[in-house]
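**Q** Curious how this folds, go ahead:
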Amino acid sequence: MSLEPCEETAEHSALLKLLSALFYAGSSFLITVVNKTVLTTFRFPSYLCLGIGQMITTVIVLYAAKKSKTVQFQDFDKNVLLKIFPLPLLYVANHVTGLASTKKLSLPMFTVLRKFTILMTMILEAYILRKTFPKRLVYSVVTIVFGAMIAASSDLAFDVEGYTFILLNDAFTAASGVYTKKKLGDKVCADVFHRPLQPL
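**A** Residues are numbered from 1 along each chain as shown. The predicted model follows:
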């Protein structure tokens with residue numbers, strides 16, 4: 001029996017999808033603003049310490065939520081770690097370079113240069129997942145990247161280190177997304193979503 005792709009297994013209303021997208025976008029924006037404020041306005045000395053602190057806090061909050069049965073996930077298993085490798089390394093690299101570039105660049109320039117993630121994701125999906133894209137989508141992405149290049153060319157506060165960090169961040173973000181798709185795959189995802197419900 002053929003299995004449908006993951007994104008088609010769950011039925012959600014258009015309003016719920018829109019609210020989810022808006023919540024994600026708002027959260028992402030606020031995280032960036034808060035990190036920028038902490039690193040520049042409050043002159044926090046180390047983006048590495050900030051990143052490590054955020055990761056530790058995330059682990060503590062998740063396990064507290066698990067203990068209170070707010071969320072559910074399986075206990076730590078080194079076999080799972082091996083199966084999802086190199087995703088943990090890509091996450092850490094993505095997190096650290098993101099904080100470093102947030103500290104070095106202005107928020108408008110940070111936002112502009114993050115557009116390169118789209119192109120990098122498309123290239124990696126074509127190379128690793130053997131995915132093809134319609135020409136109109138390719139033209140749209142090239143136009144976005146070209147606009148980002150024009151905006152970056154007018155940056156009077158050019159910072160080589162900042163640009164290096166943001167481009168590395170783009171690459172790690174793209175790699176993380178593509179390898180997540182590769183590791184999960186339609187079959188694994190279908191196994192999760194099509195698993196029969198257990199009686200209470």
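**Q** all helices for this protein, in order.
**A** Taking DSSP state H as the test, the helices found in the chain are 14-36, 47-67, 78-84, 87-104, 107-113, 116-128, 135-153, 160-193.
**Q** Could you check the fifth one and say which residues are buried?
**A** Spelled out, that is helix 107-113. Within helix 107-113, the residues scored as buried using 16 or more other CB atoms under 10 Å are 109-110, 112-113. For every residue, glycine as well, the C-beta is placed using N, CA and C.
**Q** which pair in those spans the largest distance?
**A** 110 and 112 (7.3 Å; CB to CB).
**Q** residue ranges with poor pLDDT in this structure?
**A** Filtered on pLDDT under 70, the chain yields the residue ranges 1-12, 186-200.
**Q** Centroid-nearest residue for it?
**A** Residue closest to the average C-alpha location in the chain (CA atoms, centre = their mean): residue 173, at 5.3 Å.
**Q** Name the nearest residue to that one, sequence neighbours excluded.
**A** Spatial nearest neighbour of residue 173, chain neighbours left out: residue 117 (4.9 Å); criterion: CB to CB, 6 or more residues apart in numbering.
**Q** Next, the contact list for that neighbour, please.
**A** 170, 173-174 (CB atoms under 8 Å, 6 or more residues apart in numbering).
**Q** pretty sure the residue nearest to the centre of the chain contacts residue 93?
**A** No - in this structure residue 173 lies outside contact range of residue 93 using CB atoms under 8 Å: 9.6 Å.
**Q** what do these two both touch?
**A** With CB under 8 Å, 6+ apart, residue 173 and residue 93 have no common neighbours.
**Q** What separation is there between residue 97 and residue 179?
**A** Separation of residue 97 from residue 179 (CB to CB, to the nearest Å) stands at 16 Å.
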